[in-house]
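**Q** From the sequence below, what's the structure:
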Amino acid sequence: MPSRLCASVLFLAAVAASGSLARADESVQEEKSFETEIVSKARLNYLLSLPPGYDPADEKKQWPLLMFLHGSGETGTDVKKLKGYGVPRLIAEKKFAHPCIVVSPQTPVRGWSPQVLVALLDKIVAEHRVDQDRIYLTGLSMGGFGTWQTAAAYPDRFAAIVPICGGGNPADGPRLKPVPIWAFHGAKDDAVPLKASEVMVEAVKTAGGDAKLTVYPDAGHNVWDRAYEDPELYAWLFAQSRHR
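**A** Coordinates of the predicted model:
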């Protein structure tokens, strides 16, 4: 009997040992977590236009702010290039008569970073008399994409947005629900298809948001000249407020 018991004990020990060896040879996935804070540096140039009558000493008067995002062709570090397009062009040609602060950043690399844009916005707000309930965002082409993306990332910062011949992620529709939107696109655009604006406007409307699209049936990619020269755009834009 003792010999049988001993043999059984040895057998079980061998099984246990072999099982342990098998488990040691297997890949094991442990659930872990990681948290850190990464600080990065960003640098960009920008144009700043203050409206006639702006008085930094007047603490009671606050002004609406319009941020303009350029297209891919103006990417770089020569900020003067921005004056040939969109809102900066109208300001340079003295055709922009709307009483607001205009900030036009220039990204040194293709694409826009919502985090960097909002950091710049925070700087302008801290240094100037800005009505934070009337901050607007617009952009053309690559800037149109940046407009959709930045508003989706920070929907609580903008009273309204005007993306021109751009596009975005339709999954952002619910996030954009609080933001009034007027998009513009050319039906014959062969650089950014009209569908890019259509799906975004439809996604916002499906989510219960306020979005509309103006399509120029005879226009290609450059519809920004017509859009930015339309007085109805500014009448609508400056009527929007976060606490309307």
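
**Q** Confidence-wise, which helix or strand of this protein is lowest on average?
**A** Every helix and strand in the chain was compared by mean pLDDT, DSSP states H and E; the lowest is helix 2-25, with a mean of 50.

**Q** Paired strands for the next helix or strand after that helix, with orientation please.
**A** Where DSSP states H and E defines the elements, the next helix or strand beyond helix 2-25 is strand 45-49. Strand pairing for strand 45-49, determined by DSSP bridges: strand 101-106 (antiparallel).

**Q** would you put the C-alpha positions of the strand it pairs with in CSV?
**A** Presented in CSV, the C-alpha positions along strand 101-106 are these (Å, rounded to 0.1, in the frame of the first residue of the first chain):
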residue,chain,number,x,y,z
ILE,A,101,-11.6,90.6,-34.7
VAL,A,102,-10.1,88.3,-37.4
VAL,A,103,-7.3,85.9,-36.6
SER,A,104,-5.8,83.9,-39.5
PRO,A,105,-3.2,81.3,-38.5
GLN,A,106,-0.8,79.7,-40.9
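
**Q** How far does that strand sit from its chain's centre?
**A** Relative to its chain's centre, strand 101-106 lies at 15 Å (CA atoms, centre = their mean, to the nearest Å).

**Q** and after it, which helix or strand comes next?
**A** Using DSSP H and E, the helix or strand that follows strand 101-106 towards the C-terminus is helix 114-127.

**Q** in that next one, what counts as buried?
**A** Buried positions in helix 114-127, judged by neighbour count with 16 or more other CB atoms under 10 Å: Val116, Leu117, Val118, Leu120, Leu121, Ile124, Val125. Yep, even glycine has a C-beta here, placed from its N, CA and C like the rest.

**Q** Just name whatever secondary elements it is in contact with.
**A** strand 63-69, strand 101-106, strand 130-140, helix 142-153 (3 or more CB pairs under 8 Å, 6 or more residues apart in numbering; DSSP states H and E).

**Q** nearest to Arg242, of those?
**A** Closest to Arg242 of those, according to CB to CB: strand 130-140, at 4.4 Å.

**Q** tell me the angle the closest one makes with helix 142-153.
**A** 130 degrees (axes from the mean of the first three to the mean of the last three CA atoms, to 10 degrees).

**Q** Quick one: list the elements packing against strand 130-140.
**A** For strand 130-140, where contacts count as 3+ CB pairs under 8 Å, 6+ apart, the packed elements are strand 63-69, helix 86-92, helix 114-127, helix 142-153, strand 160-164.

**Q** rerun that using 6 Å as the cut-off
**A** Packing partners of strand 130-140 (3 or more CB pairs under 6 Å, 6 or more residues apart in numbering; DSSP states H and E): strand 63-69, helix 142-153, strand 160-164.

**Q** can you pull the pLDDT of the most centrally placed residue in the chain?
**A** Nearest residue to the geometric centre of the chain (CA atoms, centre = their mean): Thr150, 1.4 Å. Listed pLDDT for Thr150 reads 98.

**Q** you'd agree it is up against Val118?
**A** No - with contact defined as CB atoms under 6 Å, Thr150 does not count as touching Val118 (7.2 Å).

**Q** where's Lys60 relative to Lys188, distance?
**A** Lys60 sits 49 Å away from Lys188, going by CB to CB, to the nearest Å.

**Q** which one of the two has more residues nearby?
**A** The neighbour count for Lys60 versus Lys188, taken as other CB atoms under 10 Å, is higher for Lys188 (13 against 6).

**Q** Flag the shaky bits of the chain, pLDDT-wise.
**A** Within the chain, the stretches with pLDDT under 70 are 1-24, 244.
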